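> Got a predicted model here, sequence first, then my questions.
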Amino acid sequence: MAEKKEELLEAIAPLKRGLVASEADRERIDKLASQLERLNPTKQPLASPNLNGQWELLYTTSESILGTSKPAFLRPSGPIYQIIDANTLTARNKETAPLFNQVSAELIPVSKSKVKVQFKEFKILGLIPVKAPESAVGDLDITFLDTDDSANGSLLRISRGNKSNLFILRMQNPNVKP
């Protein structure tokens, strides 16, 4: 499994979180992710302590997160993080440069790996709170959650959203919680 993880990480490294991925790149990444998903060592991701913490987004197919419809200078250029607390069933997504936008959400379990995501509040520029409408919902299925960080000091997570989006995230130093 370590080789498959390394192959996936090497394939996504030059793709700027997916922003510069070609259709062929997207197909290759999806295939590599699917191979890892079949080897998922965590059968109940929502019950795993490895889920809790700050995850860095390495790759996504979500055009809204990538900001493909925005001018380049308004797209996220710094790291994007997702902080999950499975004990309180909450999540927070944080962009860094240039806009520092954030969104907080409630997670409602629908299976051992899938949650309904009810967005609660957006923070524009990280400061200006805007209540999310009731219609701001999604689903997220955790299809791979690492159990072994011995190879490179990080855990890998793969998730798929209700809009067929793929998310690949990494938690550095998983024993140090934010």
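Alright, I've got the coordinates.
> Which residue comes closest to residue 80 once chain neighbours are left out?
In this structure, residue 80 finds its nearest non-sequential neighbour in residue 57, 4.3 Å apart by C-beta to C-beta, 6 or more residues apart in numbering. Every residue, glycine included, has its C-beta placed from N, CA and C.
> In terms of helix, strand or coil, where does the one you found fall?
strand (DSSP: H, G, I helix; E, B strand; the rest coil).
> Kindly provide the distance from it to residue 143.
Distance, residue 57 to residue 143, by C-beta to C-beta, to the nearest Å: 16 Å.
> cool, residue 168 as well?
For residue 168, the distance to residue 143 - C-beta to C-beta - is 10 Å.
> Also residue 158?
5 Å.
> again, but for residue 37
4 Å.
> Mutual contacts of these two, please.
residue 158 (C-beta atoms under 8 Å, 6 or more residues apart in numbering).
> So between these two, which is more surrounded?
The residue with more neighbours, out of residue 37 and residue 143, is residue 143; 21 against 15, by other C-beta atoms under 10 Å.
> Verify the contact between the more buried one and residue 161 for me.
No. Using C-beta atoms under 8 Å, residue 143 makes no contact with residue 161, being 10.7 Å away.
> beta partners for the residue of the chain most remote from its centre?
Among residues of the chain, the one most distant from the C-alpha centroid is residue 128; the distance is 23.5 Å, by C-alpha atoms, centre = their mean. Beta-bridge partners of residue 128, counted by DSSP bridges, are residue 124.
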